[in-house]
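Asker: build me a structure from this.
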Amino acid sequence: MKSVQDVEGKNILVLGMAKSGVSAALLLNKLKANVLVNDASTYQPQELLKKLITHDIKMIIGKHPDDILSRYEIELIVKNPGIPYTNPVLVEAQAQNIKIVSEPELAYWAMDSELIGITGSNGKTTVTTLVQLMLDTKESRAYVAGNIGVPATTVVQRATANDQVVMELSSFMLAGIDHLHPHIAVVNNIFASHLDWHKSRENYVNDKMNITKNQTKDDYFIINWDNPEWQELAQRTKAQVVPFSRQGLTKKGAYESDGKLYFKNELIMDANEIGIPGEQNIENALAAIAVAKIKKVSTEHIKQILTTFGGVKHRIQYVENFNGRQFYNDSKATDIEATQVALRSFKKPIILIAGGLDRGDDFDRLIPDLGPNVKEVIVNGETAEKFKASAQKAGISIIKNSSRVSESVEIAYQDSQDGDVILLSPAAASWDQYRTFEERGNEFIDAVQKLHKGE
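Answerer: Just a heads-up that it's a prediction; the model follows:
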């Protein structure tokens, strides 16, 4: 880890706790900054509070004091990615020209390792995991970090100059970067997402494209080539463009042709050998192949990873087969496009569990995907009635309400038959009922396990 002279002795506010906020505070404390952690929520996990108390780090919990910037003479803010810039503390900080950065940006300041950054509306967790598996060797470790649930500020403290950090970067994180500079940057896809936070699709796209803003001609920019808009976005980078295409629109990078996966005319493997289902996972595989080939990973190793990989938790995650019903946890499907991907991954009859935070989305976009295989929809959360209306338009005759995901699992099992898929794929964020999509997905898994045990 590099020392960061610019933070030593500075008064730095970490706005928002959670794992990433506590990790950022601990790194700043190690770098000899004067750290203050502030979170408006009174509920804080005891294990996180103990870490701050052990290192004698100041905290203000339960409110954002109006005078926090002046009272503590704050010179820099490291903010939780989910806190919008409309937060009063951040509005005042911007008026005072106090720098505001994200936790991955802080991590980059102290990073010795080469950085590989991965973003996209959907699939970035899968790509991040695949790349880490392909690059991790005895000679050079590869670490995952970022939006995948591992704070970047924790990883940089153990990753060396010989290692690589594969960082999943959300649009929220990328909105707060300054110097962060991936040697290889990946944009898996870009759809309309999180517009309640970004306020416009243009802002969302611009924040996503921050991943390449510091790249140079010596770096690589990997992007999905199957959409004209994404091809145009490639013109914004100074890095070497390496495209990937499931539709075979280019042979300059990774692509699928006649059911086979290639990199620049080199055959990698058959597409149907990938260990996880769905067209989206072919795209994810192609993105990972492009990174691995740039890093000179052998084709044999790439194929071995792709054929044995079983998916990531909460992303079309196979939970189990119970009495002929297959249960899949896709809680990370927090937007419509992700649920479209999940529905297109199955040919069997589906009982879909959906609904969550209402961001103003129009679920009619799901109608073409609800029609073919979905036999029943069980809805919950703020979007329940909107989702129900779209399901009715899709011609689904069985639509039921539930209070929570756990109740939805019970209803789905009672209504299901041998050969059915019971799929949690909400098409909405979790924050109306759950703190995170992981908490929602874990409730689904727990409910399935209770069914199996007969509880």
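
Asker: doesn't Ala338 fall inside a helix?
Answerer: Yes. Assigned with DSSP: H, G, I helix; E, B strand; the rest coil, Ala338 falls within a helix.

Asker: who touches Asn210 in this structure?
Answerer: 174-175, 177 (C-beta atoms under 8 Å, 6 or more residues apart in numbering). (C-beta placed from N, C-alpha, C; glycine too.)

Asker: got a winner among these for most neighbours?
Answerer: In terms of neighbours by other C-beta atoms under 10 Å, the contacts of Asn210 top out with Leu174 at 24 neighbours.

Asker: spatially nearest residue to that one (excluding sequence neighbours)?
Answerer: Spatial nearest neighbour of Leu174, chain neighbours left out: Asn210 (4.2 Å); criterion: C-beta to C-beta, 6 or more residues apart in numbering.

Asker: separation between that neighbour and Glu73?
Answerer: Separation of Asn210 from Glu73 (C-beta to C-beta, to the nearest Å): 29 Å.

Asker: list the contacts of the most far-flung residue of the chain relative to its centre.
Answerer: Most distant residue from the mean C-alpha position of the chain: Arg71, 35.8 Å away (C-alpha atoms, centre = their mean). By C-beta under 8 Å, 6+ apart, the residues touching Arg71 are Pro65.

Asker: what's it sitting at in phi/psi?
Answerer: phi -60, psi -40 (degrees, to the nearest 10).

Asker: same thing with Gly21?
Answerer: phi -70, psi -40.

Asker: what's the burial count for it?
Answerer: 25.

Asker: please apply the same query to Val377.
Answerer: 26.

Asker: roughly how far does it sit from Ser390?
Answerer: According to C-beta to C-beta, Val377 stands 9 Å off from Ser390.

Asker: overlap of the contact sets of these two?
Answerer: Going by C-beta under 8 Å, 6+ apart, residues that sit against Val377 and also against Ser390 are Leu370.

Asker: could I get the contacts of Asn210 as JSON lines with distance to Lys51, pLDDT and secondary structure?
Answerer: Output for these, formatted as JSON lines (distance: C-beta to C-beta, whole Å; pLDDT from 0 to 100; DSSP: H, G, I helix; E, B strand; the rest coil):
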{"residue": "Leu174", "distance to Lys51": "27", "pLDDT": "94", "secondary structure": "helix"}
{"residue": "Ala175", "distance to Lys51": "27", "pLDDT": "90", "secondary structure": "coil"}
{"residue": "Ile177", "distance to Lys51": "25", "pLDDT": "92", "secondary structure": "coil"}
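
Asker: can I get those residues in TSV with distance to Lys58?
Answerer: Supplementary listing: the contacts of Asn210 in TSV, determined by distance: C-beta to C-beta, whole Å:
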residue	distance to Lys58
Leu174	29
Ala175	26
Ile177	26
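
Asker: and which of those is nearest Glu300?
Answerer: Closest to Glu300 out of these is Leu174 (34.2 Å), distances taken as C-beta to C-beta.

Asker: wait, isn't that closest one in contact with Val205?
Answerer: No. Leu174 is not in contact with Val205 according to C-beta atoms under 8 Å; the separation is 10.8 Å.

Asker: which of the three states applies to Val448?
Answerer: Val448 is classified as helix under three-state DSSP.

Asker: that one - nearest residue in space that isn't next to it in sequence?
Answerer: Using C-beta to C-beta, 6+ apart, the nearest residue to Val448 is Phe327, at 4.7 Å.

Asker: got the contact list for that neighbour?
Answerer: 318-321, 409, 421-422, 444, 448.

Asker: switch these over to a markdown table; also include pLDDT and neighbour count.
Answerer: Listed next are the contacts of Phe327 as a markdown table, based on pLDDT from 0 to 100; neighbours: other C-beta atoms under 10 Å:
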| residue | pLDDT | neighbour count |
| --- | --- | --- |
| Tyr318 | 83 | 13 |
| Val319 | 88 | 20 |
| Glu320 | 88 | 13 |
| Asn321 | 88 | 10 |
| Val409 | 97 | 27 |
| Val421 | 95 | 23 |
| Ile422 | 97 | 27 |
| Phe444 | 97 | 27 |
| Val448 | 95 | 23 |
